[in-house]
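[1] Sequence isn't available, so here's the structure alone:
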């Protein structure tokens, strides 16, 4: 998977740093997250990203602690894209296979991903920062303008939550709250199959009935793959099953790059119930 445009160009300042006990952390550059991917950098894009980085670093340096805490927001990002930057993200929390939870600053002109050295420089416990960042993510979710779209046909469809916020996919971190906000009263007895194809979307389907499970296993992977390929800020094409706060990856990447969809014992049992009724 290719790294983002900015990630391929900007190299770290050099050296390594330790997360715990550092007294003079190395100051890696901040990582703005421009909405572009692929292609070679030309002079205009290089100049734009240089200005973006300089502005972000100036903005962060001038923040008071109150302003820093107000902008601090948790975000879900692709694991390989994040660690491929070489900027040091040893502090991040795993959310699922392929996806990590990272700390960012939601600034007026850009989203800045915080490397480990910046976290060390705050001289505050990671748990405290993560608690603040997650609370801010929840607040974003409570006010976000998200459109609920049905994907598929009139007989077989799944739901996409699509929004302008670059944190829309990150609302998966609080999937129950997202469902309560945009699909209240959902039957969660069979869990939820969901995907985070790009930063502006979540694709999901509850799995309370055999029909819902079939739609989830057939349509969520198909739409997630399409949206991952076409969307701005790709996260992952993989598909997951949420059940009682446990998340299982349902897809496996094959040698040819395609994804094979698997199921879980719970989903199998729901499908079997449908087959028994049909028989």
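    Now that the structure is in, tell me what you want to look at. Given the structure is predicted, the values throughout are model-derived calculations rather than measurements.
[2] can you confirm residue 193 is in a strand?
    Yes: per DSSP: H, G, I helix; E, B strand; the rest coil, residue 193 lies within a strand segment.
[3] Let me see the contact set for it.
    By Cβ atoms under 8 Å, 6 or more residues apart in numbering, the residues touching residue 193 are 204-205, 207, 213, 216-217, 220, 239-242, 250, 267. For the C-beta atoms, the positions are set from N, CA and C on the backbone; glycine is no exception.
[4] for residue 177, same thing?
    Applying Cβ under 8 Å, 6+ apart, the residues near residue 177 are 138, 141, 171.
[5] And for residue 93?
    100-101, 130.
[6] Which of those sits closest to residue 187?
    Ranked by distance to residue 187 (Cβ to Cβ), the contacts of residue 93 are led by residue 101 at 27.6 Å.
[7] what's that closest one sitting at in phi/psi?
    The phi/psi pair for residue 101 (degrees, to the nearest 10) reads phi -100, psi 120.
[8] isn't it right next to residue 94, touching?
    Yes: applying Cβ atoms under 8 Å as the test, residue 101 and residue 94 come out as touching, 7.5 Å apart.
[9] Looking only at neighbour counts, state which of these two leads.
    Remark: of residue 101 and residue 94, residue 101 carries more neighbours, 19 against 10, as counted by other Cβ atoms under 10 Å.
[10] Now do the contacts for the more buried one.
    Contacts of residue 101 (Cβ under 8 Å, 6+ apart): 74-76, 92-95, 130, 173.
[11] These in helices, which ones?
    Per DSSP state H, helices hold the following members of those: residue 130.
[12] from the contacts of residue 101, which ones fall inside strands?
    Counting by DSSP state E, the contacts of residue 101 place 74-76, 93-95 in strands.
[13] got CSV for those, with distance to residue 146 and pLDDT too?
    Shown next, in CSV, are the ones in strands among the contacts of residue 101 (distance: Cβ to Cβ, whole Å; pLDDT from 0 to 100):
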residue, distance to residue 146, pLDDT
74, 17, 98
75, 16, 97
76, 15, 97
93, 24, 94
94, 25, 95
95, 19, 97
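[14] low-scoring stretches of the stretch 1-150 of the chain, by residue?
    Counting by pLDDT under 70, the stretch 1-150 of the chain contains low-confidence ranges at 1-60.
[15] picking that back up, list buried residues within the contacts of residue 177.
    138, 141, 171 (16 or more other Cβ atoms under 10 Å).
[16] which residue packs closest to the first one, ignoring adjacent ones?
    On the basis of Cβ to Cβ, 6 or more residues apart in numbering, the spatially nearest residue to residue 138 that is not a chain neighbour turns out to be residue 174, at 6.0 Å.
[17] pretty sure that neighbour contacts residue 142?
    No: using Cβ under 8 Å, residue 174 is not in contact with residue 142; the gap is 10.1 Å.
[18] Those two - which one has more neighbours?
    Per other Cβ under 10 Å, whichever of residue 174 and residue 142 has more neighbours is residue 174, with 16 against 9.
[19] And the pLDDT for the more buried one?
    For residue 174, the model assigns a pLDDT of 97.
[20] any idea how far residue 127 is from it?
    Using Cβ to Cβ, to the nearest Å, residue 174 is found at 18 Å from residue 127.
[21] still on that earlier bit, closest one to residue 188 out of the contacts of residue 93, please.
    Nearest to residue 188 among those is residue 101, at 22.2 Å by Cβ to Cβ.
[22] Tell me how far the closest one lies from residue 73.
    The value you get for residue 101 to residue 73, if Cβ to Cβ is used, is 11 Å.
[23] Pull the contacting residues for the nearest residue to residue 231 once chain neighbours are set aside.
    Excluding its sequence neighbours, the residue lying closest to residue 231 (Cβ to Cβ, 6+ apart) is residue 198, at 3.1 Å. By Cβ under 8 Å, 6+ apart, the contact set of residue 198 is 169, 227-228, 231-235.
[24] same check, this time on residue 206
    Neighbouring residues of residue 206 by Cβ under 8 Å, 6+ apart: 179, 183, 186-188, 190-192, 212, 216.
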